[in-house]
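Q: what follows is a predicted protein model with its sequence.
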Amino acid sequence: MIERRIGVGGFDMSIKEELGNARAQFKLLSLYQRFEHIVITILTALIAIIVVVAVWNLTLKIVFGLILPGNLDPSDYAIFQGVFGMIFTVIIALEFKKSLLVIAERRENVVQIRSVVMIALLAICRKVIILDVKETDALQIFALAAAILALGIVYWLIRDSDKRLVNKA
């Protein structure tokens, strides 16, 4: 039998016992909570599939780009943008999956605003990286900068309020 260490109370639990506990907890949920849990599980699985496919495509693009001469020139700005845009896409998907897992584990009943802000910041950073400055007008760049600044302030305020709550407890 496969054993796995669980950091809860210092106990060791097998995967079979862990699944049994999950089933018991699932039975305690209301009908809507069960529905929500099933939807979150499906979304998590779909995002995991997307991440695997995206990493596979990124790996193939980099490996074949290095093997075939002239295909992957890291000094070429367009290639740099494309590769790092793909990397940020994977990071965004992983962060989104992580926020869904927090809900699925019932640690929080709602999506944490910090996760939403972090995902938005990552998405805008990805946009800035893949942005062709020569083709983009100044107003769009200003709007992206304003969005980054606003989200950064919101994230700082949330983080600061979380620190105050922890210090009070």
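A: Good, I have the coordinates.
Q: strands along the protein, start to end?
A: Secondary structure of the chain (DSSP state E): strands at 3-5, 12-14.
Q: please tell me how far R23 sits from H37.
A: 12 Å (CB to CB, to the nearest Å). The C-beta positions use only the backbone N, C-alpha and C, and glycine is treated the same way.
Q: more neighbours, those two?
A: H37 (18 against 9; other CB atoms under 10 Å).
Q: re the thing from before, where among the strands of the chain is average confidence lowest?
A: Here the lowest mean pLDDT among these goes to strand 3-5, at a mean of 48.
Q: so for this protein, the centremost residue is which one?
A: Centroid-nearest residue in the chain, with CA atoms, centre = their mean: E95, separated by 1.2 Å.
Q: I figured it hits V117, correct?
A: No - using CB atoms under 8 Å, E95 is not in contact with V117; the gap is 10.7 Å.
Q: so which elements touch the biggest helix by length in the chain?
A: Counting by DSSP state H, the longest helix found in the chain is helix 31-67. Contacts defined by 3 or more CB pairs under 8 Å, 6 or more residues apart in numbering; DSSP states H and E place helix 31-67 against helix 77-104.
Q: helix 31-67 and the helix it packs on, what's the angle between them?
A: 160 degrees (axes from the mean of the first three to the mean of the last three CA atoms, to 10 degrees).
Q: averaged pLDDT, helix 77-104. What do you get?
A: Across helix 77-104, pLDDT averages out at 83.
Q: give me the distance from stretch 77-95 to the chain's centre.
A: Here stretch 77-95 shows a centroid-to-chain-centroid distance of 13 Å under the convention CA atoms, centre = their mean, to the nearest Å.
Q: buried residues in it?
A: Across stretch 77-95, burial judged by 16 or more other CB atoms under 10 Å covers 82-83, 86-95.
Q: pLDDT at I42, what is it?
A: Here the pLDDT value assigned to I42 is 91.
Q: state the distance from it to D76.
A: 40 Å.
Q: list the residues that contact the closest residue to the residue nearest to the centre of the chain other than its chain neighbours.
A: Distances taken as CB to CB, 6 or more residues apart in numbering put I119 closest to E95, at 5.3 Å, once the chain neighbours are dropped. Shown in contact with I119 (CB atoms under 8 Å, 6 or more residues apart in numbering): 92, 95-96, 99.
Q: which helix or strand in this structure has the lowest average pLDDT?
A: Every helix and strand in the chain was compared by mean pLDDT, DSSP states H and E; the lowest is strand 3-5, with a mean of 48.
Q: low pLDDT regions in this structure?
A: For the chain, the stretches flagged by pLDDT under 70 are 1-13, 69-72, 74, 106-111, 162-166, 168-169.
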